[in-house]
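Trainee: here is a sequence together with a model predicted from it:
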Amino acid sequence: MNLNQIQNVYFIGIGGIGMSALARYFKNIGKQVSGYDKTPSTLTNELIESGINIHFEDNISLIPSDYFVENTLVIITPAVPTSHSEWNYFLERNYQVKKRAEVLGIITQGTFSFAVAGTHGKTTTSSILGHILYESGADVTAFVGGIVENYNSNLIGNGKTVTVVEADEFDRSFLHLHPNIACITSMDADHLDIYGTSEAIEESFVEFASKVEDKNNLFITKELPLEGVQCAINEDAPFKAFNVRIEKGSYVFDVQTPSETIKDLHFGLPGKHNLMNALMAIAMAKTYGTSTDAIAKALASFKGIRRRFSYQIKTDKLVYIDDYAHHPTEINAVNQAVRELYPGQKVLAVFQPHLFSRTRDFADGFAKSLSAFDEVILLDIYPARELPMEGITSQWLMDKMSNSNRKIVAKDDLLASIKASDATIIVTIGAGDLGELVPSIKNILNEIN
């Protein structure tokens, strides 16, 4: 498919974080963009403000009439049910209907492409890399699975020759991509509703790694069973971060590369996992040829991603952090960062489990990671694309936890429960609609503060 011949792009599920980035991209390069989503959100409001026509009812008559022409591309998200009438209308009339991953594959095929894979760290690593490349003057567009604070957008830049994409393992989407340089941050079991076994997800990552022909352009952590250039913290590796210290709440560290030692890099995101994400981005940018000075300057100015250890309140008396963590490994990373920055303080975690299948598959891991907090409030499971599963509930999960200070709270009662806590550090974690409550939580905590 030749994107140059496409005039209109219609999105079914335009409000998703990945879909909305593609919508912004196509609007930036001069295409006419419109779409459907199930419900209004902050993202759809921003797209409408940018001039994109969006409706919220599955109704063919609401699709603008000038999209019923041959040179219209229809992009769908896997979250849309196969019974969706607009989707079937376009399918039955032989329009070009593509998954988001397929479209990213077409875009990366025509550009010099960086792909960031891994069950954790994709969004942060791709954001840091996109920011470094953009700040260094590269002709780049970075598609990011989160809102980057520096740009208030999930799209960085509007370049046409270089792309940065998240290589998403869900639904084996990343196998559509054509990476020139790539990294794999982790290969933990996840999406077992798609893969079935941890061995199957590992095989998929191996297949993705094979897409990078020159293994000098594939960056991995030391524990991964793959051929590539290793990155490590305080361990011998071709790219090594060392002499790590915290100054004024930020990391300062040195990096040894195959050709030089970079001294005193400053980076504001907490947690060892984010330090590794930064190291991966540095390794890819250096390999591409970005100057050391440009990397150092961009790294110091990187403000982070909304809902990735995102500070909502940061005072001497009270800290409120919001994070997208929805896997036990990610929850452990949040806890590690909080304990490193605020030793000895009482921490309340508010967690909304995401997907019945993920809660079932990793229940013991969730129970262990959540039990490490001083106080836990659980919300009901956010179903996303799934129907309820018998016996899989937040109560079932809570019964596995060892933390004595824990309870389940209805969403309507959440603000009162948070207000009643004497914790000085509060974290909200989860990938569901908990993020929509963050402004209200912030307001109630500011009143107390």
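Mentor: That came in fine, so what should we check first?
Trainee: could you chop this structure up by domain?
Mentor: Per the TED database, the structural domains of the chain span 3-98, 111-301, 310-447.
Trainee: just so I know, which of those lies nearest residue 104?
Mentor: Set against residue 104 and scored by C-beta to C-beta, the domains of the chain come closest in domain 111-301, at 5.5 Å. Glycine gets a C-beta too; all of them are placed from N, C-alpha and C.
Trainee: would you work out how far apart the start and end of the closest one are?
Mentor: Start and end residues of domain 111-301 are separated by 27 Å (C-alpha to C-alpha, to the nearest Å).
Trainee: one more: stretch 341-356?
Mentor: The straight-line separation of the ends of stretch 341-356 (C-alpha to C-alpha) is 32 Å.
Trainee: from here on, count from 561
Mentor: Taking 561 as the first residue, the last one we looked at is stretch 901-916.
Trainee: for the protein, give me the ranges with low pLDDT.
Mentor: 749-756 (pLDDT under 70).
Trainee: which one's the longest helix in it?
Mentor: Looking across the chain with DSSP state H, the single longest helix is helix 832-848.
Trainee: and whichever helix or strand comes after that helix, how far out from the chain middle?
Mentor: Counting by DSSP states H and E, the next helix or strand C-terminal to helix 832-848 is helix 852-861. Its chain's average C-alpha position is 22 Å from that of helix 852-861, according to C-alpha atoms, centre = their mean, to the nearest Å.
Trainee: show me which residues of the helix or strand following helix 852-861 are buried.
Mentor: Using DSSP H and E, the next helix or strand after helix 852-861 towards the C-terminus is strand 870-874. The neighbour-count check on strand 870-874 (16 or more other C-beta atoms under 10 Å) flags 870, 872-873 as buried.
Trainee: make a markdown table out of those and add distance to residue 735.
Mentor: Formatted as a markdown table, these follow (distance: C-beta to C-beta, whole Å):
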| residue | distance to residue 735 |
| --- | --- |
| 870 | 31 |
| 872 | 37 |
| 873 | 42 |
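Trainee: circling back to that earlier point, would you turn the domains of the chain into TSV with distance to residue 665?
Mentor: As requested, the domains of the chain are arranged in TSV below (distance: least, C-beta to C-beta, whole Å):
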stretch	distance to residue 665
domain 563-658	9
domain 671-861	3
domain 870-1007	22
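Trainee: pick the most deeply packed of those.
Mentor: domain 671-861 (a mean of 20; mean count of other C-beta atoms under 10 Å).
Trainee: okay, helices next: where are they in the stretch 661-810 of the chain?
Mentor: 682-695, 752-755, 758-769 (DSSP state H, counting those that start in this stretch).
Trainee: make JSON lines from the ones you listed and add distance to residue 609 to it.
Mentor: Below are the helices of the stretch 661-810 of the chain laid out as JSON lines (distance: least, C-beta to C-beta, whole Å):
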{"stretch": "helix 682-695", "distance to residue 609": "22"}
{"stretch": "helix 752-755", "distance to residue 609": "34"}
{"stretch": "helix 758-769", "distance to residue 609": "36"}
